[in-house]
Every structure is written in structure tokens, then in C-alpha cells.
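**Student:** Using only what follows, build the 3D model:
(one chain, ligands or ions: 1)
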Amino acid sequence: MESDTIIAAVDAGGTSFKCALVRRDGDLVATWRIPTTTPEETLTACASAFRRESEARGLHPVALGIASFGPVDIDPTSTSYGTITGTAKPGWHGAPIGPALSEALQIPFHLDTDVNAALIAEMRWGNAQGLKSAAYMTVGTGIGVGLSLDGSLVRHPSHPEFGHIRVARHLTDQDFPGTCALHGDCLEGLASAQAFEARWGDPAQVPNDHPAWDVEAYYLAQACTNIYLLTRLERIIIGGGLLQAKHLYAKIQKQFDLLMGDYLPVKGADLITAPKLGEHAGVLGGAVTALKALS
Ligand code: ZN
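**Tutor:** A predicted model of the protein is given here:
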């Protein structure tokens, strides 16, 4: 791999496709956004922007690295690799994000889920740098978890669906039915941003001392104890829209300690952290996905 290797990176999201030209060391040469509309319109606009931005700088990306919303086929041996497989977003079922962009730009693509991508970006350049076992949990409309154990991303035959595990109810939260369309009161049904909003309204408007945050921390701390007890990993990074409430981290860390009850020599404050890469985690993760495949 050349030292000036350039990757065309995409963070394919429901609202916009964030795009970037990324150097091998994580340097973002250029970034821009394309609004997510129809697959054809969005992918065409992405491809022409990549051509324009690369040519303007005399750069030649060697591969595409994509972090995608799901459900998406992430198995490189599958005939539908890089294609959206579910109907979560209207019009996008069967959208060949990877194959279409790859054909338009005439370079190979490498694709992973948005949480897996955020995790490997944090492991290379962020708050899990140098560690071999870490998790990235996103708490937004849904809850998703990416997991890397002993240096390997858990992705074959597929990625974890940890958002749908069962958790014990908080004593003050016995009657809420939960918002998961499939399970009602699974973790996502009780603790996603959507579930939070259904009980207490817009998170940005809920005061820091409102009991809602203790209930939320109780569920997310259970998620962390479950991940930790199963894997004994070194770091759990929690991101996503709901964690814009920064005071929530301390509550989760404290609840984690209470739930663990000194059973093992681990402290919530050492284990559980915010992401470092912020809004660029997705494109950087896409770039790492491609770089790993190239090396
Ligand atoms: Zn569920």
C-alpha cells in the first residue's frame, strides 16, 4: 500500500450520506454531505461529487470504504454484498449502495455496518486506540452494538443484534409497554431515544435532575454489565443522539458499579466512555474498513 493511499469514504445514513476523501493516516482531505433522497438520485450525486472532488485535487482513490445504515448485507462472499436488505427506510429495500458506487467510480468497495465502522475507527484513532477488545453502542432511534474481541470484529456470519436483549425493569418503570415493534420492552424498546421520548418528551428539554435519566442509565448500565460479563472487554464506547446529554455518562458509570457489586476489579469510569471522533466516526470507519481489506 502506498503511503499516500487515498480512500473514498461514505457514511451512508438515513438523513444524509457523509462523504470524504481520507488519507491512510486518517487525515480528512475533503468532506461533504449529500442529502438522502431516492437511492438513484443519492448514489448518482455521491459518485459525481467524488469524481469532482478527486479531480480538483489530482487525487485517485484506490478503494471505496462504506459505513452503512442497515439492515445491510455485510458478507463479502454473498451475491448481495453491499445491498440494503430490509425495508426500514422507504424505497431503499434492495438498494445496491456498494455495487452501484463501485461501478460508477471503477474502484472496489468494502462495506460494514455503521456501528462496526464507528468501532474500528475508535480502535484505530479514537478512545479505544491500541485495545484488542472493545464495543461501540449507539443509542439513537434504535440501539446497535458493534463488538471486537481479541482483535477481530464480530461480523461473520453476521453482526450482533444486542439492541434487542432483555433487561430488568426499573422499579418506577413497570407500566410502559416499550417501543420495539417486535418485542415491546427489549433494551431498545425501553432505552432508545424513541422510547425515552415516548415517556418524557424531547430529551433536549428534559432537565438533568429529572428521574428519567436515572431510569435510562439503569438500562444502559445493564447493557454494559451484560456485554462486560460475557466478554470481559477493555472498553465500551457509547454514542448516538441520546448521549448528547453528557451528564448521562457519569450516571451509567455509577450504575454499572452498583450492578457489578465489586464482583470484578473493573470500574465504570475506566470502562465506559464517549466516542472521540464525533461526527466523523462513520467516514473514518468506512476508510478503516477499506484500509484493512487492502492491507
Ligand atoms: Zn426489540
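**Student:** Would you map the strands across the stretch 101-250 of the chain?
**Tutor:** Assigned strands in the stretch 101-250 of the chain, in chain order: 109-113, 134-139, 143-149, 152-153, 235-239 (criterion: DSSP state E, counting those that start in this stretch).
**Student:** which other residues reach the first one?
**Tutor:** Going back to what we said before, that points to strand 109-113. 63-68, 70, 72, 74, 76, 81-82, 97-99, 101-102, 120, 144, 146, 153, 155, 159, 285-286, 289-290, 292-293 (Cβ atoms under 8 Å, 6 or more residues apart in numbering). In this view, the C-beta of every residue, glycine as well, is placed from N, C-alpha and C.
**Student:** Likewise for the longest one?
**Tutor:** Taking contacts as Cβ under 8 Å, 6+ apart, the residues outside strand 143-149 that touch it are 70, 113-120, 123, 132-138, 153-154, 159-160, 162-163, 187-188, 191-192, 223, 227, 231, 233, 240.
**Student:** Might you enumerate the residues of this protein proximal to the ion?
**Tutor:** For the chain, the contact set with the ion under Cβ under 5 Å from the ion comprises H164, C180, L182, H183, C186, E188.
**Student:** Name the member of the residues you listed with the most neighbours.
**Tutor:** E188 (27 neighbours; other Cβ atoms under 10 Å).
**Student:** you'd agree that residue is up against H164?
**Tutor:** Yes: contact criterion Cβ atoms under 8 Å: E188 and H164 qualify, at 6.0 Å.
**Student:** Overlap in contacts, the two.
**Tutor:** C180.
**Student:** before we move on, the earlier item: just to be sure, which of the residues of the chain next to the ion are found in helices?
**Tutor:** Using DSSP state H, the members of the residues of the chain next to the ion that fall in helices are E188.
**Student:** Kindly reformat the residues of the chain next to the ion as CSV containing pLDDT.
**Tutor:** Converted to CSV, these look like this (pLDDT from 0 to 100):
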residue, pLDDT
H164, 95
C180, 94
L182, 90
H183, 95
C186, 97
E188, 96
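**Student:** now, which of the residues of the chain next to the ion sits nearest D25?
**Tutor:** Proximity to D25 was ranked across the residues of the chain next to the ion by Cβ to Cβ; first place goes to E188, at 35.9 Å.
**Student:** Low-confidence regions, this protein specifically.
**Tutor:** 1-3, 87-88 (pLDDT under 70).
**Student:** spatially speaking, which residue is in the middle of it?
**Tutor:** Nearest to the geometric centre of the chain sits V115, at 2.3 Å (Cα atoms, centre = their mean).
**Student:** okay but that one is in contact with V139, surely?
**Tutor:** No: using Cβ under 8 Å, V115 is not in contact with V139, being 10.8 Å away.
**Student:** gap between the residue lying farthest from the centre of the chain and D4?
**Tutor:** Most distant residue from the mean C-alpha position of the chain: G58, 31.5 Å away (Cα atoms, centre = their mean). As for G58, its distance to D4 is 11 Å (criterion: Cβ to Cβ, to the nearest Å).
**Student:** on contacts alone, who are the packing partners of whichever strand or helix holds V22?
**Tutor:** Using DSSP states H and E, V22 falls within strand 16-23. Applying 3 or more Cβ pairs under 8 Å, 6 or more residues apart in numbering; DSSP states H and E, one finds that strand 16-23 contacts strand 6-12, strand 28-35, helix 39-57, helix 281-294.
**Student:** how does the chain divide into domains?
**Tutor:** Following automatic domain parsing, the chain resolves into domains at 6-117+279-294, 129-274.
**Student:** Having no further points to raise, I will conclude here.
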